[in-house]
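Visitor: Predicted model follows, preceded by the sequence.
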Amino acid sequence: MKTVLITGCSSGYGLETARYFHAQGWNVVATMRTPREDVLPRAERLRVVALDVTRPASIAAALEGAGPIDVLVNNAGIGLFGALEATPMATIREVFETNTFGMIAMTQAVVPQMRGRRSGRIINVTSSATLAPMPLVAVYTASKMAIEGFTASLSHELGAFDVQAKLVEPGYGPSTAFTNNGAERMAGLLPEAYVPLAQAAFASLGQTPGAVTTAEEVAQVVFRAATDGTGRLRFPAGPDAVALAEARANLA
């Protein structure tokens, strides 16, 4: 029976991905900064573990008790919406610490065991913002773009040891905690001059309600990537992400 470790399982994509893998009969190690049994109650083949991807000691402790990991799903991330000129560098670094450096640190920590077994999958969750960048999410997009390049290169590096690195690119999903979890972080980041731009951006998104990506859709695509037997690198998740990926592929 295979084991998957998923980061960022307190809500949204991570929570649904943990539930989906568990339903498929996998051993699931669901991690979050503060474990909550009201989110994921105890069950056979399911463990909820404390993990802060920005702290090396926390990563080591989580992996020590997890056993051999067949699939790592790097999902933990924080959102940021606001004008670049109003965003403190401390906030920018905070976003990169989780979305970029935390994901790299988790990957680095599991590679030795996967390389030693010549088996394993690393699934990095990014965003459709990497397919079609939007205004007012420059920092967030940059943090995810870095992981796109990182994973593309890593897929070649680890492929020599039969370990695969893959990307899942979710579309626009307002059901995630992107805004709620980052409300305090984003306070004051939208000067009055940028309000019309923000309103136009949200209005555009609101015109395509059928294209909204659900957490369930993302979970299914993560599972597909984790069990894919080909060398495919990118897996867009959700109707808008698929459309964007196709449009990008058709560019001259």
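Guide: That came through, no problem. Keep in mind it's a predicted model, so treat the numbers as computed, not measured. Numbers count the residues shown, from 1 in each chain.
Visitor: neighbours around Gly79, how many?
Guide: Here the count is done by other CB atoms under 10 Å, and Gly79 has 21 residues near it. C-beta: built from backbone N, CA, C; applies to glycine.
Visitor: Grab the longest helix from this protein for me.
Guide: The helix of greatest length in the chain, counted in residues with DSSP state H as the criterion, is given as helix 138-159.
Visitor: now that one, how far from the centre of its chain.
Guide: Centroid separation for helix 138-159 versus its chain: 12 Å, with CA atoms, centre = their mean, to the nearest Å.
Visitor: What segments of the protein are strands?
Guide: Ranges of strands within the chain are 3-6, 27-32, 46-50, 71-74, 120-125, 163-170, 234-237, based on DSSP state E.
Visitor: hey, which of the ones you listed is tucked in deepest?
Guide: strand 71-74 (a mean of 28; mean count of other CB atoms under 10 Å).
Visitor: strand partners of that strand, parallel vs antiparallel please.
Guide: Strands adjacent to strand 71-74 in the sheet, as given by DSSP bridges, are strand 3-6 (parallel), strand 120-125 (parallel).
Visitor: Among the strands of the chain, which comes closest to Phe101?
Guide: Of all the strands of the chain, the one in closest proximity to Phe101, counting by CB to CB, is strand 71-74 (11.5 Å).
Visitor: what distance separates that closest one from the centre of its chain?
Guide: Centroid separation for strand 71-74 versus its chain: 9 Å, with CA atoms, centre = their mean.
Visitor: cool, and stretch 215-230?
Guide: On the basis of CA atoms, centre = their mean, stretch 215-230 is displaced by 12 Å from the centre of the chain it belongs to.
Visitor: quick one: average pLDDT of that stretch?
Guide: When the per-residue pLDDT values of stretch 215-230 are averaged, the result is 96.
Visitor: Buried by neighbour count: which residues of it qualify?
Guide: By neighbour count, with 16 or more other CB atoms under 10 Å as the criterion, the buried positions of stretch 215-230 are Ala215, Glu217, Val218, Ala219, Val221, Val222, Phe223, Ala225, Ala226.
Visitor: Brilliant, that's me finished.
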